[in-house]
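S.K.: need a 3D model of the sequence below.
(2 chains)
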Amino acid sequence: MTRTTSTWGLRALALSASLGAFWLVAFRVDGGIARGSPRPLGARERQEVLATLDAYQRIYTDFVVTGGAPDLIDRFPATKAVKHRVFREIGFLRGAGLVQVLDLAESTPLRVERLPNGQVEATCYEEWNHVLQRAANRAPASSVKGMGSGFRYRLRREDDRWIVVAWDPVDVEAPPRPTERLY
Amino acid sequence: MSPVRAPGWRRLLRAAASGWPTAIAGLPLGTAAVVFGWRGLDPAALLQMSSIRSWGLACAGLLGAGILGALLERRWALAMGFAGALSLLAHPVVDAALRVDAELAVGEGATTPAWLRRQAGLGAAIPEVEILGVSAVPGEVLRLRVEGEELSIARIGDAASGGGATVRVKAVHPAPAFEIRDATGTLLEGGFVEVGGVPDAYIEVPTLPHRFYFSEPGPLEVARAEKPESLRLRIQRGKLKVFDGPLKAGEAARFDGLELRWADGSRWLQVELTKRPRPVVLVAAAVLLLDALVLSLVGRRAAR
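M.R.: So this is what the prediction gives:
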């Protein structure tokens, strides 16, 4: 009687342990698949992604405004394909004797989330001021304009840092502006 | 002396044949099948999970040991039951390894398709596809050869099977002809652009840094084959949107000293191709489990 009870007890214990261990591994290691969505982005990772996008915009602006000075190329957090795209754009304007002057007035992150393939997608609403100048004497070649648009960036982790893999314009609503006067 | 004949191994195989070790490894898989099946998770994605793989491998090993143990004890019904359970466990693995999910873009006049998406299991090969005829007019929308077998699809939304695959025409989309000219009217670039089907699709041309995002102005309708009157065009140079709006056929979109026009050119079909293995392993599992049950009942009756 005692032996039978202890055998059944052991079996029940083994069944419970197997069940517990399985679901622990399922949620800790395979959490994304088990939940049907990727592991949510932590606050620290989100901060890193936004800091990367900030560096991306600053260095991108520098490239464009200087007509393609490559000093910061190694610090530009982007893939070769994205860098190539930036310098094609600058080369097109340079071929026409022009330089684009850009200024990012405001960037509002709307959504930052991890994709099933481990990359991160960040959607921002950006407001840019821009003017064309003649490359020879920096005289204005257009009036100063402003534009607001949504942009969706895809980033991946490489060599312990985030880099921009691709980006596209995206239709999003402009975020509401603060109603109180700031001055 | 063979290791199977060693008393230690025999004891282990007998223990495996008791069914309890398999139950201990198999119960979590059973609960996972119920929970994930209820939530409608993709079985192929589940096979990527370390937990499913580890417990599945353990369960398969124990079932194999159970078969050997049962054979050693000449318990044929039990051996057959273990073999059935092993086949049942192997079914999703075999199914995932042999399935193909693909999507093709087939242009009018094209003989080879462009693959929009190709996903094949480890043991599956993407079938060879040859286009024999494409028309956007209902009657005979698509004629193609899959792995040497000729198929014909009459209407958008219809499917045909052959060459081990099922092919379905999902939609017809416009593929207008476009031209980009400079201020002097010199042609810089030209060609066809496949519009629709893929969200955020764009084209680039070799001589310009712009991206041209063409889309249909309205929502996509599956069974539509008529030509669009206008397209939405967004031209992006770097951060700047240099053109954005609807553009009618023949109208010019002016941007950065250049102009783009489009005209009705052609159409393209969005075609889905799937390959699903026959459930041979599942049928084998059912047969083995049924045989095991019958053998076990016959054995009990004989023992009485």
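
S.K.: now for the chain, the helix or strand with the poorest mean pLDDT.
M.R.: This is for chain A. Here the helix or strand of chain A ranked lowest by mean pLDDT, DSSP states H and E is helix A:31-35, holding a mean of 67.

S.K.: please go with chain B instead
M.R.: Sorting the helices and strands of chain B by mean pLDDT, DSSP H and E puts helix B:43-46 at the bottom, at a mean of 74.

S.K.: against which helices or strands is that helix packed?
M.R.: Using 3 or more CB pairs under 8 Å, 6 or more residues apart in numbering or on different chains; DSSP states H and E as the contact test, the elements touching helix B:43-46 are helix B:76-98. Backbone N, C-alpha and C define where each C-beta goes, glycine included.

S.K.: what ranges does the chain have for its helices?
M.R.: In the absence of a named chain, chain A is used. For chain A, the helices defined by DSSP state H cover A:2-28, A:31-35, A:43-65, A:80-95.

S.K.: wait, chain B was what I had in mind.
M.R.: For chain B, the helices defined by DSSP H occupy B:7-17, B:20-38, B:43-46, B:50-72, B:76-98, B:280-303.

S.K.: what residues are up against the closest residue to chain B within chain A?
M.R.: Per CB to the nearest CB, A:Phe22 is where chain A lies closest to chain B, at 3.4 Å. A:Phe22 sits next to B:Pro28, B:Leu29, B:Thr31, B:Ala32, B:Ser51, B:Trp55 when contact means CB atoms under 8 Å, 6 or more residues apart in numbering or on different chains.

S.K.: tell me where the model's unsure across chain A.
M.R.: Along chain A, the parts satisfying pLDDT under 70 run over A:1-3, A:32-37, A:178-183.

S.K.: spatially central residue in it, please.
M.R.: Nearest to the geometric centre of chain A sits A:Ala122, at 4.2 Å (CA atoms, centre = their mean).

S.K.: so that one touches A:Pro109, yeah?
M.R.: Yes. When contacts are counted by CB atoms under 8 Å, A:Ala122 is listed as touching A:Pro109 (6.3 Å).

S.K.: what does the stretch 151-300 of chain B put close to chain A?
M.R.: B:200, B:202, B:208-209, B:211, B:213, B:234, B:236-241, B:256-257 (CB under 8 Å from any CB of the partner chain).

S.K.: at 7 Å instead, please
M.R.: For the stretch 151-300 of chain B, the residues in contact with chain A (CB under 7 Å from any CB of the partner chain) are B:Asp200, B:Leu208, B:Pro209, B:Arg234, B:Gln236, B:Arg237, B:Gly238, B:Lys239, B:Leu240, B:Lys241.

S.K.: tell me how far the residue nearest to A:Leu110 when sequence neighbours are not counted lies from A:Ile73.
M.R.: Of all residues not flanking A:Leu110 in the chain, A:Thr123 sits nearest, at 4.7 Å (CB to CB, 6 or more residues apart in numbering or on different chains). Using CB to CB, to the nearest Å, A:Thr123 is found at 26 Å from A:Ile73.

S.K.: pull the longest strand from chain A.
M.R.: In chain A, assigned by DSSP state E, the strand with the most residues is strand A:98-114.

S.K.: tell me the buried residues in it?
M.R.: Within strand A:98-114, the residues that count as buried by 16 or more other CB atoms under 10 Å in any protein chain shown are A:Leu98, A:Val99, A:Gln100, A:Val101, A:Leu102, A:Leu104, A:Thr108, A:Val112, A:Arg114.

S.K.: alpha carbons only: can I get that strand in CSV?
M.R.: C-alpha atoms of strand A:98-114 as CSV (Å, rounded to 0.1, in the frame of the first residue of the first chain):
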residue,chain,number,x,y,z
LEU,A,98,22.7,72.3,-55.7
VAL,A,99,22.9,71.5,-52.0
GLN,A,100,19.9,70.7,-49.8
VAL,A,101,19.9,72.4,-46.4
LEU,A,102,17.7,70.4,-44.0
ASP,A,103,16.8,70.9,-40.4
LEU,A,104,14.8,68.4,-38.3
ALA,A,105,12.4,70.6,-36.3
GLU,A,106,10.6,67.8,-34.5
SER,A,107,10.5,64.1,-34.4
THR,A,108,7.7,62.3,-32.5
PRO,A,109,8.0,58.6,-32.0
LEU,A,110,4.6,57.0,-32.6
ARG,A,111,5.4,53.3,-32.3
VAL,A,112,8.4,51.2,-31.6
GLU,A,113,8.0,47.5,-31.6
ARG,A,114,9.9,44.3,-32.2
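
S.K.: hmm, who's touching that strand?
M.R.: Residues outside strand A:98-114 that contact it (CB atoms under 7 Å, 6 or more residues apart in numbering or on different chains) are A:38-41, A:46, A:49-50, A:57, A:61, A:64-65, A:67, A:93, A:120-135, A:141, A:172, A:175, B:239.

S.K.: same check, this time on stretch B:144-154
M.R.: Contacts to stretch B:144-154, defined as CB under 7 Å, 6+ apart, come from residues B:127-132, B:138-143, B:160, B:162-165, B:167, B:169.

S.K.: selecting buried members of the residues you listed in ChimeraX, what would you type?
M.R.: Per 16+ other CB under 10 Å, the buried members of the contacts of stretch B:144-154 correspond to this ChimeraX selection:
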select /B:127,129,131,141,142,143,160,162,163,164,165,167,169
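
S.K.: understood, closing this out.
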